[in-house]
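Q: Quick one: sequence plus predicted model below, questions after.
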Amino acid sequence: MRKLLAGILISLLVFLLLCEFTLPELAGQAVEREVASSSLKPEGVKARLFAFPAAKILVGQFDGMRLEMRGANLGGCRASLLAMQIPRGSFNLHELMQGGGTAALHADGPMQVRIVFREEDLNKYLRATGVPGITDPGLELNSRYVKLKGRVGILGSSFSVQMWGNFRPEENGEIAFSPIDFRVGNESLPPELSRKLASRLRFRLNGDRLPFAFKVKQVDVEQGCLIISGESI
């Protein structure tokens, strides 16, 4: 009897050890395959699952997940990084392994999200979609301010425009440009007119661009990058 119990305990220990070393990686690879084939069309995906004991993955439970996508397509604008910290959740392991899609994943709470857009990708997006009233739009991003430049037509003539300001989150989910100074040629415009023209420059991150509802919490600008932080809702 003692030998039988010892054999069972050893087998159980070996099974648990195998689970610890194999299941998180296998489940992470399955998530990576599903995300890679999603509508976001990322250029690269890295998923890491956390579960203790790892054997709970067999019944579709995990304690957390870190998911990173590089080069994801967000409504026509390329994000150099889309990172999600997913809290405790569940999934259908069989569906996930069989290609059931990311819908097989269910988070038990809000996901923390970080999105990074590079200056060159934002400019490609602006050139493709346009900014009403401004031709040849272009952004310059640095840690002190955001600069929008382009040209406007006034009374049949074309003038260069330059706008300085910063992006800020709004309650409706949009990221709006808040101007500090707006110049046509070498002349500064009144603040009221600056705000009116700047209101045309907006980005919206919602279900049309992301596969989940998203609330922007913070917008930061670093050298050449727009960084948006928030959580799923």
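A: Looks like it arrived, so ask away.
Q: need the next SSE after the least confident helix or strand in the chain by mean pLDDT, C-terminal direction.
A: Scoring the helices and strands of the chain by mean pLDDT, DSSP states H and E places strand 202-204 at the bottom, with a mean of 56. Next helix or strand after strand 202-204 toward the C-terminus (DSSP states H and E): strand 214-222.
Q: List the buried residues of that next one.
A: Phe214, Val216, Val219, Val221 (16 or more other Cβ atoms under 10 Å). Backbone N, C-alpha and C define where each C-beta goes, glycine included.
Q: mean confidence score for whichever helix or strand comes after that strand?
A: Once the chain leaves strand 214-222, the next helix or strand it forms, by DSSP H and E, is strand 225-232. Here strand 225-232 scores 90 as its mean pLDDT.
Q: Who are the packing partners of strand 225-232?
A: For strand 225-232, the packing partners by 3 or more Cβ pairs under 8 Å, 6 or more residues apart in numbering; DSSP states H and E come out as strand 112-118, helix 119-129, strand 214-222.
Q: buried residues in the longest one?
A: Same thing as helix 119-129. Glu119, Asp121, Leu122, Tyr125, Leu126.
Q: before we move on, what about the shortest one?
A: Buried positions in strand 112-118, judged by neighbour count with 16+ other Cβ under 10 Å: Val113, Arg114, Ile115, Val116, Phe117, Arg118.
Q: ok so, going back, pLDDT check: weakest of the buried residues of helix 119-129?
A: Lowest pLDDT among the buried residues of helix 119-129: Leu126, with 83.
Q: ok, it to Glu20 distance?
A: Distance from Leu126 to Glu20, counting by Cβ to Cβ, to the nearest Å: 48 Å.
Q: same check, this time on Gly185
A: 67 Å.
Q: Dihedrals phi and psi, Ser37?
A: phi -100, psi 10 (degrees, to the nearest 10).
Q: ok, whichever helix or strand Arg168 is part of: who's next to it in the sheet?
A: Here Arg168 sits within strand 157-169, counting by DSSP H and E. Partners of strand 157-169 in the sheet, by DSSP bridges, are strand 146-154 (antiparallel), strand 174-184 (antiparallel).
Q: distance between the last one and the chain's centre?
A: What it means is strand 174-184. Averaged C-alpha coordinates place strand 174-184 at 23 Å from its chain's average position (Cα atoms, centre = their mean, to the nearest Å).
Q: pull the CA atoms of it into CSV?
A: Below are the C-alpha coordinates for strand 174-184, written out as CSV (Å, rounded to 0.1, in the frame of the first residue of the first chain):
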residue,chain,number,x,y,z
GLU,A,174,-11.4,60.7,-28.4
ILE,A,175,-7.9,62.0,-28.2
ALA,A,176,-8.1,65.7,-29.0
PHE,A,177,-5.4,68.1,-29.9
SER,A,178,-5.2,71.1,-27.5
PRO,A,179,-3.5,74.0,-29.3
ILE,A,180,-1.1,76.5,-27.6
ASP,A,181,-0.2,78.5,-30.7
PHE,A,182,-1.4,78.5,-34.3
ARG,A,183,0.3,80.5,-37.1
VAL,A,184,-0.6,81.1,-40.7
